[in-house]
Each structure stands twice: as structure tokens, then as C-alpha cells.
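Chemist: based on what follows, work out the 3D shape:
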Amino acid sequence: MDFELTASMMCANYGNLEQEVKDLENGGIDSFHIDIMDGRYVSNFAMSLNDMRFIAGVASKPLDVHLMIEHPNNRIGLFLRNLRKGDTVYIHPEAEYHPSATLQSIINAGMIPGIAINPGTSVETVMEMLRIVKKVLVMSVNPGNAGQMYLPYVGKKITKLLSMKEDMDFEIYWDGACSAEKILEFAPKGVRGFVLGTTLLFGRGKTYGETLADIRQLKF
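Modeler: Numbering: from 1, shown residues only. Predicted coordinates for the structure are as follows:
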């Protein structure tokens with residue numbers, strides 16, 4: 001079964017970040033998930049513009065940049081000019097007065113536009129944007145910190161999005177508390193990709209190649 005795996009780089013070892021990127025690429029990761037937090041939209045500070053710029057400079061695989069910041073349109077140019085064409089940028093619709101304008105800036109820069117949907121955000125409130133974006137990042141935990149518990153009601157939201165994705169031409173990605181069981185359940189239903197953090201990829205006592213191979217060999 002074909003699905004994408006992306007590494008949540010806020011969970012990486014920053015003592016040797018370049019080696020982490022190389023080991024993940026050699027191990028078979030599909031992309032790098034970059035969580036940018038401003039301490040305002042979420043109650044945490046995580047990765048920075050410089051972290052993103054560094055990874056973009058050493059990685060050959062695409063970046064998935066998740067902007068958990070207030071009013072991203074005010075600073076979107078800072079991020080876009082440090083990325084490569086074909087990278088993905090997700091925004092949270094609640095964080096912006098006019099999210100469609102921010103998404104258009106991402107499109108104009110040659111990036112893939114995406115929105116991230118919090119557990120408490122209904123599909124109905126983002127319906128119009130689903131026709132603009134190419135990726136929908138569904139948060140299965142409240143954003144801001146790694147290692148949280150999965151919120152079961154998110155599964156119904158994914159079911160609703162799956163029924164709409166062909167008509168509206170977007171793909172669905174899972175972010176938060178991603179276990180092997182969740183991949184086994186939702187990949188066959190049509191979820192395209194999964195963000196891997198401490199639950200499944202980092203700190204597991206194996207090489208990244210071994211861990212990623214185990215995931216891709218799951219018995220569906």
C-alpha cells in the first residue's frame with residue numbers, strides 16, 4: 001500500500017541536526033515536517049525560521065512547513081523565500097483574517113498550499129478553502145506539544161473529509177500521536193500521509209531505516 005511518511009523534526013536530535021537529516025533520508029523518509037510555533041497561537045515555542053532554513057539547505061527531500069503562528073500573512077514572505085518550489089506550507093485558518101489570501105501567496109510562490117485543522121475545528125468552517133488547498137493536515141491532538149494522547153472523535157472528521165477529497169481534489173495527512181494501529185486503520189481508507197514523532201519514529205532504539213522499513217511492511 002502506498003502512503004507517505006514525514007518526520008516531525010521538532011523531535012529530532014539537535015546535537016547533530018545535519019546527520020539526523022541524512023540518516024532519515026538514507027532510511028527512506030519521504031519528507032520533513034517543520035513545526036513553527038510563535039508562543040501565541042499555541043502556548044509553546046518550537047522550531048524557528050533558521051531551523052527551517054538549515055534543513056531546507058541540507059535536505060534533498062521536500063519540506064512540510066506547519067505554521068502554528070498568528071497572522072501568517074504578515075510574515076509569509078520570510079518563509080517562502082527560504083523554501084524550494086514544491087515544498088508544502090500549512091496554515092491554520094483560525095490564525096488569519098483572510099486565509100485565502102495567504103494561501104494564494106503560497107501558490108504564487110510555487111509551493112503546495114495546505115491547511116491544518118485542529119481537533120476543535122469543524123469541516124464546515126473550512127469548506128470553501130478545501131477547494132483551494134492540495135493538502136489537509138488533520139490534527140489528532142491539540143497543537144503545540146509532542147507526546148499527547150489521540151482524541152478519538154477526530155476519526156469521524158477524517159471520515160467526512162475522505163468522502164469529499166476526490167471531488168475537491170485534496171489529500172489528507174495525519175498529525176499527532178501516530179501509531180502503527182492508526183496507519184493500519186486509516187491508510188487503507190485513503191489517508192495519504194502520516195507525520196511521525198516520538199510515538200513511532202524517534203527514540204525507538206533502532207536506526208531510522210529499520211523503523212521506517214518496519215512501518216512500510218505493516219500487514220494490511
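Chemist: so who does residue 178 touch?
Modeler: Neighbour list for residue 178: 140, 194, 195, 196, 197, 199, 200 [criterion: Cβ atoms under 8 Å, 6 or more residues apart in numbering]. Every C-beta, even on glycine, is put in place using the N, C-alpha and C of the backbone.
Chemist: run through the bridge partners of the closest residue to it other than its chain neighbours.
Modeler: Across the structure, with Cβ to Cβ, 6 or more residues apart in numbering as the measure, the residue nearest residue 178 apart from its sequence neighbours is residue 194 (4.8 Å). Per DSSP bridges, residues listed as beta-bridge partners of residue 194: residue 5, residue 174.
Chemist: ok, how many other residues are close to residue 194?
Modeler: Here the count is done by other Cβ atoms under 10 Å, and residue 194 has 25 residues near it.
Chemist: ditto for the one 3 residues further on
Modeler: Summarising burial for residue 197: neighbours were counted as other Cβ under 10 Å, giving 24.
Chemist: my read: it touches residue 11, true?
Modeler: Yes. Counting by Cβ atoms under 8 Å, a contact exists between residue 197 and residue 11, whose distance comes to 4.6 Å.
Chemist: gap between the residue nearest to residue 178 and residue 18?
Modeler: Using Cβ to Cβ, to the nearest Å, we find residue 194 at a distance of 24 Å from residue 18.
Chemist: what's next to the host helix or strand of residue 65, contact-wise?
Modeler: Secondary-structure assignment from DSSP states H and E places residue 65 in strand 63-68. Where contact means Cβ under 8 Å, 6+ apart, the residues beyond strand 63-68 that reach it are 6, 31-38, 41-42, 46, 52, 55-56, 79, 83-84, 87-92, 95, 114, 116, 137, 143-144, 173, 175, 195.
Chemist: out of these, which are buried?
Modeler: Of all the contacts of strand 63-68 considered here, the ones buried according to neighbour count by 16 or more other Cβ atoms under 10 Å are 6, 31-38, 41-42, 46, 52, 55-56, 79, 83, 87-92, 95, 114, 116, 137, 143-144, 173, 175, 195.
Chemist: how far off centre is the helix or strand hosting residue 167?
Modeler: When secondary structure is defined using DSSP H and E, the element that contains residue 167 is helix 165-168. Going by Cα atoms, centre = their mean, to the nearest Å, the spacing between the C-alpha centre of helix 165-168 and its chain's C-alpha centre is 20 Å.
Chemist: strands along this protein, start to end?
Modeler: In chain order, the chain shows strands spanning 4-8, 31-37, 63-68, 88-91, 112-117, 135-139, 171-175, 193-196, with DSSP state E as the criterion.
Chemist: for residue 129, find the nearest of the ones you listed.
Modeler: Residue 129 lies closest, by Cβ to Cβ, to one member of the strands of the chain: strand 112-117, at 5.5 Å.
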